[in-house]
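# what follows is a predicted protein model with its sequence.
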Amino acid sequence: MAMYVRYKTSKEVQDLAYELVEKARDSGKISKGANEVTKQVERGQAKLVVMAEDVTPEEILAHMPVLCEEKNIPYTYVTSKEQLGTAAGLTVGTTAVAVVNPGKDKEGIDNIAKKIEELKKSG
């Protein structure tokens, strides 16, 4: 497991994360890539951060969980940067995506945030 991965993400939560990114891409607003996501988190604009677990070098995302926790922004992981890129509407992989505006799926953010908290508690 990469050093920035703080808890094991269930397949259910990963699927939800990909789905939320796709819906936000179509009907809301997302930011893509470590630098853009970092800016959105620092500004407190991100509603959810999704990070890929297969990022090298790991340092690219080392700061992200800490920053998200400081700003009380839910964050989760998916196994594939390729799949995350696809969900974000890219033809290449992406290290991270911030959902800035969930668009039509506001309940989806609350739903995944609850599941993330449960995963963190169970370790």
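Yes, it's here.
# pull out the buried residues from the helix or strand bottoming out on mean pLDDT in the chain.
The weakest-scoring helix or strand in the chain, judged by mean pLDDT, DSSP states H and E, is helix 106-122 (a mean of 91). Within helix 106-122, the residues scored as buried using 16 or more other CB atoms under 10 Å are 108-109, 112, 115-116, 119. Every residue, glycine included, has its C-beta placed from N, CA and C.
# so the nearest residue to Thr94 once chain neighbours are set aside: helix, strand or coil?
Among residues not flanking Thr94 along the chain, Gly85 sits closest, at 4.4 Å (CB to CB, 6 or more residues apart in numbering). Here Gly85 is recorded as helix under DSSP: H, G, I helix; E, B strand; the rest coil.
# would you map the helices across the chain?
11-27, 34-42, 64-70, 81-87, 106-122 (DSSP state H).
# for Met1, find the nearest of these.
Closest to Met1 of the helices of the chain is helix 64-70 (CB to CB; 12.6 Å).
# which residues touch the closest one?
The contact list for helix 64-70, computed with CB atoms under 8 Å, 6 or more residues apart in numbering, reads 4, 6, 34, 37-38, 41-42, 46, 49, 51, 74-75, 96.
# quick check: bridge partners of the spatially most central residue of the chain?
In the chain, the centroid-proximal residue (CA atoms, centre = their mean) is Val50; its distance is 1.0 Å. Beta bridges link Val50 to Thr76, Val97 when assigned by DSSP bridges.
# before we move on, back to that, export the least confident helix or strand of the chain to CSV, keeping only CA atoms.
Only the C-alpha atoms of helix 106-122 are listed here, as CSV (Å, rounded to 0.1, in the frame of the first residue of the first chain):
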residue,chain,number,x,y,z
LYS,A,106,-25.3,16.2,-3.8
GLU,A,107,-26.6,13.3,-1.7
GLY,A,108,-23.9,11.1,-3.2
ILE,A,109,-21.2,13.2,-1.5
ASP,A,110,-22.9,12.8,1.9
ASN,A,111,-23.4,9.1,1.3
ILE,A,112,-19.8,8.5,0.4
ALA,A,113,-18.5,10.7,3.2
LYS,A,114,-20.4,8.5,5.7
LYS,A,115,-19.0,5.3,4.2
ILE,A,116,-15.4,6.8,4.3
GLU,A,117,-15.8,7.6,8.0
GLU,A,118,-16.8,4.0,8.6
LEU,A,119,-13.8,2.6,6.7
LYS,A,120,-11.4,4.9,8.6
LYS,A,121,-12.8,3.7,11.9
SER,A,122,-12.5,0.0,10.9
